[in-house]
Each structure stands twice: as C-alpha cells, then as structure tokens.
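In: Here is the input, now give the coordinates:
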Amino acid sequence: MRAGEVADAAGVNRQTLRFYEREGLLSEPRRAANGYRDYSPDTVVLIRFIKHAQELGFTLEEARELSSLRHAPGQNRLKVRALAERKRVDVRQRVRGLQAIDAALTELIDTCCGTQAPRCPILEVLNRPSSTLTQGERS
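Out: Now for the predicted structure:
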C-alpha cells in the first residue's frame, strides 16, 4: 500500500506516517521498484491501535509499549493492566486539577461585576506574585 492509501485507511495524514516512522513506532517501509514506500496492510491496524491508545490518553511512548505487548496478550495481561491503571490514576489527577481550576474560575467570575469599574478582581488575582486559588491541588 502507498502512503496515501495507508493514511486514508487509518484516518491520518502522510506527515503522521513519517512522524511515526521517525519515532520508531512504524518500521521503515520497503521501497517499490519505482521508489514509492510500500506499506503492509498491517500498518493500518497498527496506526489505528496507536490512535486509539492516544484517544484514551496514552502517550506515544506508552502506545509503543502497549503495541509491543499486543502480540502475546495472554503473557502480558498484567503489564497491560498495570499501564492502564497508571493511566487512570493520571487521568483522575488531571480531572481533579481541572475541577480545582473550574472552582477557582467560578470564584473569580462570581467576584466580577462585569462593569466598567476601575478595578477588576480577576486581573488583580492574576497580577499577584502567586495565586492561592488552586494551590491546594498542587500540594
């Protein structure tokens, strides 16, 4: 398969293919006699796998690790599960951080009258050397 065909089938662009090659996620495809890259149909499956992993929040490095474990899933179930559990902990921490930001923004918005007043409480908080609004989440 040519690069354009693989990209279309996998729902990515050609630059993504080249990026995945540079990053070692895809092996260098063989070259046809005319010099075109010739990808195997399995490349589409791998790209979709990587994209699905990314949709679940896995980094490219984590997707690489998951990809290496997918060929012997019975032997690697504990490793795959551990990766997924670590990712879930990470996601939950990010959610808590976003909730803290949401609460801080809500508090700021509630203090703002939205008029042409000479003082803006939102800008005053942002001008402080350090904000105490979301620090509880960073500790």
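In: only C-alpha atoms for contact and neighbour calcs from this point on.
Out: Noted.
In: where exactly do the helices run in this protein?
Out: 3-10, 14-22, 42-55, 60-69, 73-111, 121-127, 135-138 (DSSP state H).
In: Give me the below-cutoff pLDDT ranges for the protein.
Out: The chain contains residues with pLDDT under 70 at 73, 131-139.
In: Domains of it: list them as residue ranges, please.
Out: 1-71, 84-139 (automatic domain parsing).
In: which one of the ones you listed has the most crowded surroundings?
Out: domain 1-71 (a mean of 15; mean count of other CA atoms under 10 Å).
In: what's the offset of that one from the middle of its chain?
Out: The chain centroid and the centroid of domain 1-71 are separated by 16 Å under CA atoms, centre = their mean, to the nearest Å.
In: now do the same end-to-end measure for that domain.
Out: Criterion CA to CA, to the nearest Å; first-to-last residue distance in domain 1-71 is 22 Å.
In: now do stretch 32-52
Out: Criterion CA to CA; first-to-last residue distance in stretch 32-52 is 30 Å.
In: which other residues reach that stretch?
Out: 1-3, 6-7, 9-11, 26, 29-31, 60, 63-64, 67 (CA atoms under 8 Å, 6 or more residues apart in numbering).
In: how about a cut-off of 10 Å?
Out: Applying CA atoms under 10 Å, 6 or more residues apart in numbering, the contact partners of stretch 32-52 are 1-12, 16-17, 20, 25-31, 53-64, 66-67, 70.
In: From residue 23, how far out is the spatially closest residue to residue 9 that is not a sequence neighbour?
Out: Excluding the flanking residues, the one nearest residue 9 by CA to CA, 6 or more residues apart in numbering is residue 44, at 6.5 Å. According to CA to CA, residue 44 and residue 23 sit 17 Å apart.
In: One more: residue 121?
Out: The separation that residue 121 has from residue 23, given CA to CA, amounts to 46 Å.
In: Now residue 36: phi and psi?
Out: Backbone torsions of residue 36, given as degrees, to the nearest 10, read phi -70, psi 150.
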